[in-house]
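Visitor: okay, sequence plus prediction incoming.
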Amino acid sequence: MAIVFTGIVEALGTVVAIDRGAESPSDQAEASSSNKERNTPDFIRLTVDAPGVTDTLSKGDSLAVNGVCLTDAGHEGTAVIMDVMGETLDRTTLGDIHPGDQVNLERAVQPSQRLGGHIVQGHVDGTARLLSRDPHDKWEVFRFSLPSNLARYVVEKGSIAVSGTSLTVSAVAPPDTPDPWFEVSLIPTTMRDTILGSLAVDAPVNIEVDIVAKYIERNANVSGYLHAVTDPTAQQSK
């Protein structure tokens, strides 16, 4: 079974230490040009105090940290050590994390478990920023920016993972909007049990769009191509 998560945050962890001088497992990886340009390290060793998830966690198991799938490289008590490569630091908010920061945590789902949220792979598609918070009586509406290349995968009433939290999209920007955005409505439980409740305007978050939307797009593209190359009528019209 492939490693998947559900986007149902199990616990809040706290970053204990970040070893930016640690060597990668190969001890020979060179920093990428992208990391050099952004002044981000090519490799870090991240230690997170993760009470509530280490009781069934073993070395080599997967753990989603703010929606990023990482591997338990070893843990002692409730402290989990994870290695983070430069590409991950460059493409996600983990590149800007600091000791003392809280993080969303979720263990990989087991085959016997219910899928409480939606299928989340832990493969972050991009980052976004919180544009506004609109409080209501019993809930709060959060508006996030959305990278233009991901806008086509986000639909009203669809699913999206924000820093590892499975959420339902309540509104999206019109198709002709130059700067895409989407909104989610958060209940008190979500704001209390995840890092989302403590986000300030302009805070960065990790975004993972629904993988089903990607498969549908891919299937449509492949089907269209196969039709074009196998249909004699299509060939003659060229």
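Guide: Nice, I can see it. Numbering: from 1, shown residues only.
Visitor: for the residue nearest to Ser198 when sequence neighbours are not counted, report the pLDDT, please.
Guide: Of all residues beyond its chain neighbours, the one nearest Ser198 is Gln102 (7.1 Å), with distances taken as Cβ to Cβ, 6 or more residues apart in numbering. No exception for glycine: its C-beta is placed from N, CA and C like everyone else's. The model reports Gln102 with a pLDDT of 98.
Visitor: wait, Gln102 sits on Thr194?
Guide: No. Applying Cβ atoms under 8 Å as the test, Gln102 and Thr194 come out as separate, 9.1 Å apart.
Visitor: so for the two, which sits in the more crowded spot?
Guide: Legend: neighbour count by other Cβ atoms under 10 Å for Gln102 and Thr194, higher for Thr194 (25 against 15).
Visitor: confirm for me that the more buried one is in contact with Thr165.
Guide: Yes. With contact defined as Cβ under 8 Å, Thr194 and Thr165 form a contacting pair (5.0 Å).
Visitor: give the residues shared as contacts by those two.
Guide: Common neighbours of Thr194 and Thr165 (criterion: Cβ atoms under 8 Å, 6 or more residues apart in numbering): Val9, Asn104.
Visitor: and the chain, what are its domains?
Guide: The chain breaks down into these domains under automatic domain parsing: 11-107, 126-218.
Visitor: distance between the longest one and the chain's centre?
Guide: Remark: domain 11-107 is offset 14 Å from the chain centroid, using Cα atoms, centre = their mean, to the nearest Å.
Visitor: repeat for the shortest one
Guide: Distance of domain 126-218 from its chain centroid, counting by Cα atoms, centre = their mean, is 11 Å.
Visitor: low pLDDT regions in this structure?
Guide: Across the chain, the ranges flagged by pLDDT under 70 are 1-2, 22-40, 222-238.
Visitor: where do the helices sit along this protein?
Guide: Taking DSSP state H, the helices of the chain run over residues 33-38, 86-91, 188-193, 211-230, 232-236.
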